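A.B. asks: Here is the input, now give the coordinates:
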Amino acid sequence: MTPGPQKTGICLMSRRDARKALTIRLPEDLRRGLVARSADHRPLAFLLRGAVVAALREAPDQLAGRGRGTARPILLQLAPEERRALDALALRSGLGPEEAVIALAYWAI
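C.D. replies: This is a model prediction of the structure:
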């Protein structure tokens, strides 16, 4: 019998588990803004996650909705505590999770 997973303080994220990821369609100007910030051509999901996590650290009290994009969807993975903070902020702002991510990304760039 193999032992179960141990609590190590490391957040486990699975890119194949859709329950742990948000599907985001970025507006074109936000996509360009994120890409312009990266000199070494990082993946767009990596850039978006960095912007969202940085904005969550600043902890704005409320967000204004910026709408949704029409681009190809991106899977965004957040740690459980980041997801809880995002959900709480989205609830306070009256936005859905996708709209909150887009608003945070605009706020960060």
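A.B. asks: low-scoring stretches of this protein, by residue?
C.D. replies: Low-confidence segments of the chain (pLDDT under 70): 1-19, 59, 66-67.
A.B. asks: end-to-end on stretch 27-43?
C.D. replies: 16 Å (C-alpha to C-alpha, to the nearest Å).
A.B. asks: Use 132 as the first number for this chain going forward.
C.D. replies: In the new numbering, first residue 132, that becomes stretch 158-174.
A.B. asks: Which positions in it come out as buried?
C.D. replies: Buried residues in stretch 158-174, defined by neighbour count with 16 or more other C-beta atoms under 10 Å: 158, 161-162, 164-165. (C-beta placed from N, C-alpha, C; glycine too.)
A.B. asks: I'd like to know which of those is nearest to A210.
C.D. replies: The nearest member of these to A210, counting by C-beta to C-beta, is L165 at 19.8 Å.
A.B. asks: Report the secondary structure element holding that closest one.
C.D. replies: Taking DSSP states H and E as the definition, one finds L165 inside helix 159-167.
A.B. asks: Outside of that helix itself, list whatever touches it.
C.D. replies: 157, 175, 178-179, 182, 197, 200, 202, 233, 236-237, 240 (C-beta atoms under 8 Å, 6 or more residues apart in numbering).
A.B. asks: Against L217, how distant is D192?
C.D. replies: Per C-beta to C-beta, to the nearest Å, D192 is found 14 Å from L217.
A.B. asks: So for those two, which residue has more residues nearby?
C.D. replies: Neighbours per residue (other C-beta atoms under 10 Å) separate D192 from L217, with L217 holding more: 21 against 7.
A.B. asks: for that one, what are its contacts?
C.D. replies: Neighbour list for L217: 183, 187, 209, 228, 231-232, 235 [criterion: C-beta under 8 Å, 6+ apart].
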